[in-house]
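In: okay, predicted coordinates and the sequence, questions at the end:
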Amino acid sequence: MPDTPAFRDPRLTEQRNPRTERIDVASSLEIVDLLNAEDRSVPQAVGQQREALARAIDLVVEAFQAGGRLVYVGAGTSGRLGVLDAAECPPTFGTPPELVVGVIAGGFPALVKSAEGAEDDVNAGMAAMDTAAVTSRDVVVGIAASGTTPYVRAALSRAQTIGARTLIVSCSPPPKLLVETCDVAIVPVVGPEALTGSTRMKAGTATKLVLNTISTGAMIRMGRAYGNLMVDLMALSAKLVDRGERIVMEACGVSRERARAAIDAADRSVKLAIVMVRAGVDRDEARRRLDAAGGLVRNAVGDPPPVSPAP
């Protein structure tokens, strides 16, 4: 018998999960079922943060409108997820790569090789905000599964000193001071992991959903969607060429050939092509109409067609 009482870490992400305490003697199918059962709780936990997520989107939209950026900062899995979300914005929404930025403890090498000690370097966390040239117009989102990562807390503190708006994304209630100093705290409580402390699992999934919601919501608010069509993509690869043509076909009710010709005439811009076809105007006039509509295709040419029923 142990001489001292069992220690219970206050961080939910570090506690043992009683539902999976015998996972090491489970069959492969039983392991799948156990992990799937845990994963099913994640969307509900994220949904319970709906109001905080909406506030986060509003802050990011305000930053974009003021010429600011969205800056993610994290260590380990959290940092990689921030970099991933940032990297996916240009091909999805046609944004310049500097609009959404991912900062990870340990720098570029940490993306492909673990650099666990980097998360404890508070000086590096503060310096990272200066290296990223954070300004008071930016929104900085600190991502820390347990809410206690020193690198992230230092980065947020430095960003606040600069005057940036700050958010904390955590899957365990963060320290009170961190919550009080950040503009928004998004805390989807997913509970203990199936493997104790392995926050690449439920916490990682919850974080991915949170970041998806923030960036996608802000981009939609900024006019980078027409209905539910992502019209700001640039048709620069075979997959995106095909997708862009299908979007123009869907939005304008035209053939693939006409959609392709419109995209070519619009310098590969799907959004401009839609306005050109729907309004029957040339590229320059389409651009003027879009600018006057604040970049919103709906305001420039009216409502998109309804979704066609499935065959």
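Out: That came through, no problem.

In: so which helix or strand takes in the residue nearest the centre of the chain?
Out: Here the mean C-alpha position of the chain is nearest to the C-alpha of residue 211 (Cα atoms, centre = their mean), at a distance of 2.7 Å. Counting by DSSP states H and E, the element that carries residue 211 is helix 202-221.

In: got it, and residue 172?
Out: Here residue 172 sits in a region with no helix or strand, counting by DSSP H and E.

In: next up, the contacts around it.
Out: 11-14, 145-147, 187, 189 (Cβ atoms under 8 Å, 6 or more residues apart in numbering). Glycine gets a C-beta too; all of them are placed from N, C-alpha and C.

In: for the helix holding residue 211, which helices and strands make contact with it?
Out: helix 28-39, helix 42-47, helix 50-65, strand 70-74, helix 76-93, strand 139-143, strand 165-169 (3 or more Cβ pairs under 8 Å, 6 or more residues apart in numbering; DSSP states H and E).

In: can you list those in CSV and add mean pLDDT?
Out: What follows is the helices and strands packed on helix 202-221, written out as CSV (pLDDT from 0 to 100):
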stretch, mean pLDDT
helix 28-39, 95
helix 42-47, 96
helix 50-65, 98
strand 70-74, 98
helix 76-93, 94
strand 139-143, 98
strand 165-169, 98
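
In: can I get those in CSV with distance to residue 251 and mean neighbour count?
Out: Formatted as CSV, the helices and strands packed on helix 202-221 follow (distance: least, Cβ to Cβ, whole Å; neighbours: other Cβ atoms under 10 Å):
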stretch, distance to residue 251, mean neighbour count
helix 28-39, 35, 13
helix 42-47, 30, 17
helix 50-65, 23, 18
strand 70-74, 27, 29
helix 76-93, 16, 21
strand 139-143, 31, 30
strand 165-169, 33, 26
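
In: and the ones you listed: which comes nearest residue 105?
Out: Relative to residue 105, the nearest member of the helices and strands packed on helix 202-221 by Cβ to Cβ is helix 76-93, separated by 5.7 Å.
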